[in-house]
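In: dropping the sequence and predicted coords here.
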Amino acid sequence: MTAIDERMLQLDPEEARRVRQARFERIGRWVLPLAIMILAIWLWDRICVWNEIPQYILPRPGVVLWTLYNDAGLLFSSLLVTLRITFLSLALAVIGGVGLAVLFAQSKWVEMSFFPFAIVLQVTPIVAIFPLINIYVNDQTTKLLLCAWIVAFFPILSNTTLGLNSVDRNLRDMFKLNGATRWQQLRYLRLPAAMPYFLGGLKIAGGLSLIGAVVAEFVAGTTGQSSGLASRIIEAGYRLNAPRLFAALFLISLTGILIFLVLSLISHLILRRWHESALKQER
Amino acid sequence: MIREKVAQAPAASGAAPTLLALKGVGKVFSNGVTALSDVDLTIREGDFVSLLGPSGCGKSTALRLIAGLSTPTSGVLDWRGGGSLDRSNIGFVFQEPTLLPWANVFDNVWLPLRLKGISRAKATPTITEMLARVHLTGFEDAVPRELSGGMKMRVSIARAMVTKPRVLLMDEPFAALDEITRFKLNNDLLELWQDERFTVVFVTHSVFESVFLSNRVVVMAARPGRVFDELAIEASYPRDEAFRTSPDYAALCRQASDVLVKAINSTAGAHYDGH
């Protein structure tokens, strides 16, 4: 701090103002959303108290937290089930998405022929496809995985395909001049160039695989076959156990946020040295 | 830096053997544009040839044809009296540095060798030497975005030269640089050329650059792209900063400039006063 203060002494008013503003922005970035969040929760609590809303309609935040603690065993074991589907489907989405993108990148013809299928798969609501999957697939895990995968793989496929096709023309010529084989061009040029695009797709797919897993559980859960967080929510809904419903919802949101943060961190670590998106603004 | 070396302008004597002859070379693009028409051009071993001309005169197209990145519509490229040249004998420097942004300086220079299956350990002495030649020792671990425009271009030159090619093709390599940096790179390039005795084909639209660097300036004209005239720059090497300010240089520049103005005005409908 003293170092900054000393430096401030030498700065002209404009620069000093800029330093101050930057510092406020740094603090504000964390404090502001936190303050708003706390205010909202407090307001929620007050509304419950002021209007004497019964717990089975809208529980107070404290009660939700208490339920989270009380039902921890049940909720977390369900969370694990959902997480397993989420991560497995995300892993499969990465393998499938990148694999297909590499295949598409081999030839314009392959891409032109098969890309429409991927789009059809993407735009059809998964809830509408599930009954079919339910008929054709017996294994519960496979069913859920397939659902979550269909939802999650498209952003990875489309982003990676875009990335593989966005290589600088001169760099391509340079590889050609040096007699690079197809494989070398893929390994040393196109895959690294597609990395930022892939990571962008991965961030979207992370959230989608969680959504896919929960939606799949929902649809499967109505037939009483699932034990993930979604089935806890359905169950709690039937029993008018609103606190548990909120607790489960809170866990799902938290998981989504964590997945996003972890994937953002991974993306930043990989790109920080060279890609514009990960660079600090320099003046 | 003035070198105590016997000045030699190899091709000016005309004794050097022919490396490449373009015979009646033409290129018509699929959109109907005639980029090059009936180009005859002989490049001798050790030449420093500049292709000078306005934009649209096909000088970059000619370079791409020589590199084998494109094939002529008509005519032939005759490498050393028959056959085609092995691509590994060509180094190419683009207008932009064209570096891999995710790889550091060392890996960027290693790339051409890596593509030929030469391991890092085996390539290291060559790369270290090459980086020293372009004054980039100590920057091995920097990534392109951490370098200035001139330094990036040095990396690009080191990468083109790391395979020890016989021919270095340069497509307006210094056009985007500031004048001070360009002068420095001009000097360093000449020094490198004199030490290694490779052949350079240098595309530029700068009269001053072409006269300073080359022993032959080929002036091209546009629509259709063609060779308009050729000038021998009979000033001895090494050329340094003293040459840049000499009356000889000024006279040669004026001469080249006059030819260029004629070339520009030879295109139907164009009028340009020059100077």
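Out: That came through, no problem.
In: going forward, measure contacts and count neighbours with C-alpha atoms only.
Out: Will do.
In: looks to me like A:R23 is in a helix.
Out: Yes - looking at A:R23 with DSSP: H, G, I helix; E, B strand; the rest coil, it is inside a helix.
In: quick check: closest non-adjacent residue to whatever residue of chain B ends up closest to chain A.
Out: Per CA to the nearest CA, the residue of chain B with the smallest distance to chain A is B:W102, at 5.4 Å. Closest residue in space to B:W102, ignoring its immediate chain neighbours: A:W274 at 5.4 Å, by CA to CA, 6 or more residues apart in numbering or on different chains.
In: the one you found contacts B:R145, doesn't it?
Out: Yes - the criterion here is CA atoms under 8 Å, and A:W274 meets it with B:R145 at 6.7 Å.
In: enumerate every residue touching the residue nearest to B:W102.
Out: B:101-102, B:143-145 (CA atoms under 8 Å, 6 or more residues apart in numbering or on different chains).
In: B:A263: which of those is nearest?
Out: Nearest to B:A263 out of the contacts of A:W274 is B:P144 (CA to CA; 38.4 Å).
In: model confidence for B:L63, exactly?
Out: Here the pLDDT value assigned to B:L63 is 93.
In: on that earlier part again, could the contacts of A:W274 go into JSON lines alongside pLDDT and neighbour count?
Out: JSON lines is the format used below for the contacts of A:W274 (pLDDT from 0 to 100; neighbours: other CA atoms under 10 Å in any protein chain shown):
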{"residue": "B:P101", "pLDDT": "94", "neighbour count": "16"}
{"residue": "B:W102", "pLDDT": "94", "neighbour count": "21"}
{"residue": "B:V143", "pLDDT": "93", "neighbour count": "21"}
{"residue": "B:P144", "pLDDT": "93", "neighbour count": "24"}
{"residue": "B:R145", "pLDDT": "91", "neighbour count": "16"}
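In: just to revisit the earlier point, my read: the residue of chain B closest to chain A touches A:R272, true?
Out: No - counting by CA under 8 Å, B:W102 does not reach A:R272; the two are 9.7 Å apart.
In: which residues of the chain score low on pLDDT?
Out: Using chain A. For chain A, applying pLDDT under 70 flags the ranges A:1-9, A:221-226, A:279-283.
In: my question was about chain B
Out: For chain B, applying pLDDT under 70 flags the ranges B:1-15, B:81-88, B:268-275.
In: ok, 50 please
Out: In the predicted model, chain B carries pLDDT under 50 at residues B:1-13, B:275.
In: quick one: the helices in it, in order.
Out: Counting by DSSP state H, one finds helices in chain B at the ranges B:59-67, B:105-115, B:120-133, B:149-161, B:179-196, B:207-213, B:241-244, B:247-265.
In: off-centre distance for stretch A:76-89?
Out: Distance of stretch A:76-89 from the chain centroid (CA atoms, centre = their mean, to the nearest Å) equals 14 Å.
In: ok, A:R84 - how many residues close by?
Out: A:R84 has 17 neighbours, counted by other CA atoms under 10 Å in any protein chain shown.
In: so it is in which element?
Out: A:R84 belongs to helix A:72-106 when elements are defined using DSSP states H and E.
In: show the contacting residues for B:M220.
Out: B:51-54, B:57-59, B:226-229, B:260, B:263.
In: C-alpha coordinates for stretch B:175-182, PDB please?
Out: Output of stretch B:175-182 as PDB, limited to C-alpha atoms (Å, rounded to 0.1, in the frame of the first residue of the first chain):
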ATOM      1  CA  ALA B 175       6.300  -2.600 -45.400                       C
ATOM      2  CA  ALA B 176       4.500  -2.400 -42.100                       C
ATOM      3  CA  LEU B 177       7.600  -1.300 -40.100                       C
ATOM      4  CA  ASP B 178       8.600   2.200 -39.100                       C
ATOM      5  CA  GLU B 179      11.500   3.700 -41.100                       C
ATOM      6  CA  ILE B 180      14.200   3.400 -38.400                       C
ATOM      7  CA  THR B 181      13.400  -0.300 -37.800                       C
ATOM      8  CA  ARG B 182      13.300  -0.900 -41.600                       C
END
